[in-house]
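S.K.: build me a model from this:
(one chain, ligands or ions: 1)
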Amino acid sequence: MTDTIPTPQAPAPDILRCAYMELVVTDLAASRSFYVDVLGLVVTEEDDDAVYLRSLEEFIHHNLVLRKGPVAAVAAFSYRVRSPEELDRAVAFYTELGCRVERRAEGFTRGIGDSVRVIDPLGFPYEFFYDVDHVERLAWRYDLHTPGALVRLDHFNQVTPDVPRAVKFMEDLGFRVTEDIQDAEGTTYAAWMRRKPTVHDTAMTGGDGPRMHHVAFATHEKHNIIAICDKLGALRLSDRIERGPGRHGVSNAFYLYLRDPDGHRVEIYTQDYYTGDPDNPVVTWDVHDNQRRDWWGNPVVPSWYTEASLVLDLDGKPQPVVARTDTSEMAVTIGADGFSYTRPEDSARAGDEDVLPSWKQGEYKLGHQL
Ligand SMILES: [Fe+2]
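M.R.: Okay, the predicted model is just below:
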């Protein structure tokens, strides 16, 4: 759809990991209640306009900033870099690409020093920092842990119209693909990319964008995710559950998708695998494989494919959303023209006849059919 983003001559900044997301929320008290009282994130600091939250194993100031604002959106996808000098590289890298770049020695949020924010060539607000206040790592404070304890920020997930274009740019930024979803015609529907040695620090999901699909926090074990579901039920908040719990095909992780009071999607995620070797094999899934998104073949609800959060420019205005022109994953797997199979040997006749049992045809939830 659009021209390839050129590879800059300037070297990419050395990114360590996804570090925090800044979310704009319309009702700060309601969001605080969801993330603190329900999900158990720890308040590092707060004021009338913002709440700074961290997970239990984190030692940097925050993994999530909730900032009060008029439009629910994402203000920053923030990454930690290996040294202060990497910020100079970030400035040079994005400046060469013609991106808007803003650097603040005092940082953009509390607890974090010298930082660079950019609007990247894909339209996303990205931040890079090294300097940060250290706070108490609560890993051993089991007196504070709940049955559904969130222990780390795991990854972001971004919605973008042209996944191969986004992947090529992210590879220039130093990311490596670990898994993707394609079809035989060569369309790529999604890709997972990492800096730290897990399946991903961020993923690119094909759709109208730039938008934010979800932010994911990790628990230690699968049972912690079940405990979150039980707690939501006990609080009569089961309508916060959008999809899951389940086992992903992609990433092999156990998952649960929730929606916060503004509709921002949060994933609870655990037990993916090590990817740190340079020859880590890339796993490619067929878009028609009914186990790619859920290893048990459970439906993906339509809202999960279609809904996502706006992202902001550096002035706080929502970025315009560009429509995807490639076929959508929902269209090729749901409904009259879409198809899925469970066994690869069934794939040849899939599409000509229904190869899934009637009760599995169409990846939608009963009562929410397209
Ligand atoms: Fe995810």
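
S.K.: which residue does the stretch 1-150 of the chain have closest to the ion?
M.R.: Closest contact between the stretch 1-150 of the chain and the ion, by Cβ to the ion, is at residue 18 (11.2 Å). The C-beta positions use only the backbone N, C-alpha and C, and glycine is treated the same way.

S.K.: cool, and the stretch 51-200 of the chain?
M.R.: residue 157 (4.8 Å).

S.K.: pretty sure that residue contacts residue 214?
M.R.: Yes - at 4.7 Å, residue 157 counts as touching residue 214 under the criterion of Cβ atoms under 8 Å.

S.K.: need the pLDDT of the closest residue to the residue of the stretch 1-150 of the chain closest to the ion other than its chain neighbours.
M.R.: Taking Cβ to Cβ, 6 or more residues apart in numbering, and ignoring the residues beside it in sequence, residue 18 has residue 201 as its nearest neighbour in space, at 4.3 Å. In this model, residue 201 is scored at 98, pLDDT.

S.K.: tell me how many other residues surround residue 201.
M.R.: 23 (other Cβ atoms under 10 Å).

S.K.: which residues touch it?
M.R.: By Cβ atoms under 8 Å, 6 or more residues apart in numbering, residue 201 lies in contact with 15, 17, 18, 79, 155, 156, 175, 193, 194, 195.

S.K.: OK, contacts around the fifth one?
M.R.: This means residue 155. 18, 198, 199, 200, 201, 202, 203, 215, 216, 269.

S.K.: pretty sure it sits in a strand.
M.R.: Yes - the assignment for residue 155, made by DSSP: H, G, I helix; E, B strand; the rest coil, places it in a strand.

S.K.: please name the bridge partners of it.
M.R.: residue 216 (DSSP bridges).

S.K.: got it, and the one 5 residues further on?
M.R.: Beta-bridge pairing of residue 160, defined through DSSP bridges, involves residue 206.

S.K.: how many neighbouring residues does it have?
M.R.: Residues near residue 160, counting by other Cβ under 10 Å: 26.

S.K.: for residue 26, see how far away it is.
M.R.: 25 Å (Cβ to Cβ, to the nearest Å).

S.K.: ok, back up a step: which one of residue 157 and residue 214 has more residues nearby?
M.R.: Neighbour count, other Cβ under 10 Å: between residue 157 and residue 214, residue 214 has more, with 25 against 20.

S.K.: okay, and the more buried one sits in which element?
M.R.: strand 211-218 (DSSP states H and E).

S.K.: state the next helix or strand along the chain beyond that strand.
M.R.: In N-to-C order, the element after strand 211-218 by DSSP H and E is helix 222-234.

S.K.: by contact count, what packs against the next helix or strand after that next one?
M.R.: Using DSSP H and E, the next helix or strand after helix 222-234 towards the C-terminus is strand 241-247. In terms of contacts (3 or more Cβ pairs under 8 Å, 6 or more residues apart in numbering; DSSP states H and E), strand 241-247 is packed against helix 222-234, strand 254-259, helix 302-306.

S.K.: now do strand 241-247 against strand 254-259, angle only.
M.R.: 180 degrees (axes from the mean of the first three to the mean of the last three Cα atoms, to 10 degrees).

S.K.: just the residues contacting strand 241-247, thanks.
M.R.: Contacts of strand 241-247 (Cβ under 8 Å, 6+ apart): 225-226, 229, 232, 253-259, 265, 294-296, 298, 300-301, 303-304.

S.K.: got it, and stretch 145-152?
M.R.: Contacts of stretch 145-152 (Cβ under 8 Å, 6+ apart): 39-41, 55-58, 63, 138-139, 217-220, 223-225, 227-228, 230-231, 268.

S.K.: what's the angle from the lengthiest strand in the chain to strand 211-218?
M.R.: Longest strand in the chain, counting residues (DSSP state E): strand 15-25. Compare the direction of strand 15-25 with that of strand 211-218 by the same axes, to 10 degrees and you get 110 degrees.

S.K.: average pLDDT for strand 15-25?
M.R.: Mean predicted confidence for strand 15-25 is 99.

S.K.: helices and strands around it, which ones?
M.R.: Short answer (3+ Cβ pairs under 8 Å, 6+ apart): strand 15-25 packs on strand 64-68, strand 73-81, strand 125-129, strand 152-160, strand 211-218.

S.K.: can I get these in TSV with distance to residue 33?
M.R.: Formatted as TSV, those follow (distance: least, Cβ to Cβ, whole Å):
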stretch	distance to residue 33
strand 64-68	11
strand 73-81	20
strand 125-129	26
strand 152-160	20
strand 211-218	17
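
S.K.: let's have those strands in JSON lines, adding distance to residue 348 and mean pLDDT.
M.R.: JSON lines is the format used below for those (distance: least, Cβ to Cβ, whole Å; pLDDT from 0 to 100):
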{"stretch": "strand 64-68", "distance to residue 348": "46", "mean pLDDT": "99"}
{"stretch": "strand 73-81", "distance to residue 348": "41", "mean pLDDT": "99"}
{"stretch": "strand 125-129", "distance to residue 348": "43", "mean pLDDT": "99"}
{"stretch": "strand 152-160", "distance to residue 348": "32", "mean pLDDT": "98"}
{"stretch": "strand 211-218", "distance to residue 348": "32", "mean pLDDT": "98"}
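
S.K.: so which of these is nearest residue 188?
M.R.: strand 152-160 (10.9 Å; Cβ to Cβ).
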